[in-house]
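J.: Curious how this folds, go ahead:
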Amino acid sequence: MDYLQEVKDELITDYGSLPMEVVNFFKVIEMKISAKAAGVVGVKAESVYLTKDKEIILHMSNLVRPENIMNLLDYNNKWMISGSKLKIKLADLGFQWVDELTACLKKLAEKLKV
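T.: Predicted coordinates:
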């Protein structure tokens, strides 16, 4: 993440304030890096059947251990476990859901033994 911040700082130095699209791009990259570090092989948003709700689904690799999941649940107990998937309603992540999802992925990775 340090290198990502260096690139971002360099862009700001060279070009001034970043457009919102570029800021969001960096957030997505950080989220993907955090997902990989947590042993998550896929992240997607889906509509919840028969509702207008959306949910985030994390597809876990076999590297994710119960203690990783418990660490995540200690941080945000709204996550649901379904086989090799973790699910949460988008509303349960809040308005700044990308930032909160990234924080959840970091919590999931904290005790990961690779």
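J.: Give me the outermost residue of the protein relative to its centroid.
T.: residue 14 (28.9 Å; Cα atoms, centre = their mean).
J.: Just to be sure, residue 50 is in a helix?
T.: No: under DSSP: H, G, I helix; E, B strand; the rest coil, residue 50 falls outside any helix and is assigned coil.
J.: Report the separation between it and residue 95.
T.: According to Cβ to Cβ, to the nearest Å, residue 50 stands 25 Å off from residue 95. Glycine gets a C-beta too; all of them are placed from N, C-alpha and C.
J.: residue boundaries of the helices in the chain?
T.: 2-15, 20-37, 66-75, 97-109 (DSSP state H).
J.: got the ones you listed as TSV, with mean pLDDT and distance to residue 58 columns?
T.: TSV is the format used below for the helices of the chain (pLDDT from 0 to 100; distance: least, Cβ to Cβ, whole Å):
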stretch	mean pLDDT	distance to residue 58
helix 2-15	91	21
helix 20-37	94	7
helix 66-75	94	9
helix 97-109	95	8
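J.: out of the ones you listed, which comes closest to residue 54?
T.: helix 97-109 (9.4 Å; Cβ to Cβ).
J.: what sits up against the closest one?
T.: 24, 27-28, 30-31, 34-35, 37-40, 43, 56, 58, 64, 68-69, 71-72, 74-76, 79, 86, 88, 90, 93-94 (Cβ atoms under 8 Å, 6 or more residues apart in numbering).
J.: make it 6 Å
T.: Contact partners of helix 97-109, identified using Cβ atoms under 6 Å, 6 or more residues apart in numbering, comprise 27, 30-31, 34-35, 37-38, 68, 71-72, 75-76, 90, 93-94.
J.: Buried ones in it, by neighbour count?
T.: 97, 100-109 (16 or more other Cβ atoms under 10 Å).
J.: ok, so of those residues, who is nearest residue 5?
T.: residue 102 (13.6 Å).
J.: Nearest spatial neighbour of that closest one, chain-adjacent residues omitted?
T.: residue 31 (4.6 Å; Cβ to Cβ, 6 or more residues apart in numbering).
J.: From residue 56, how far out is that neighbour?
T.: Taken as Cβ to Cβ, the span from residue 31 to residue 56 is 10 Å.
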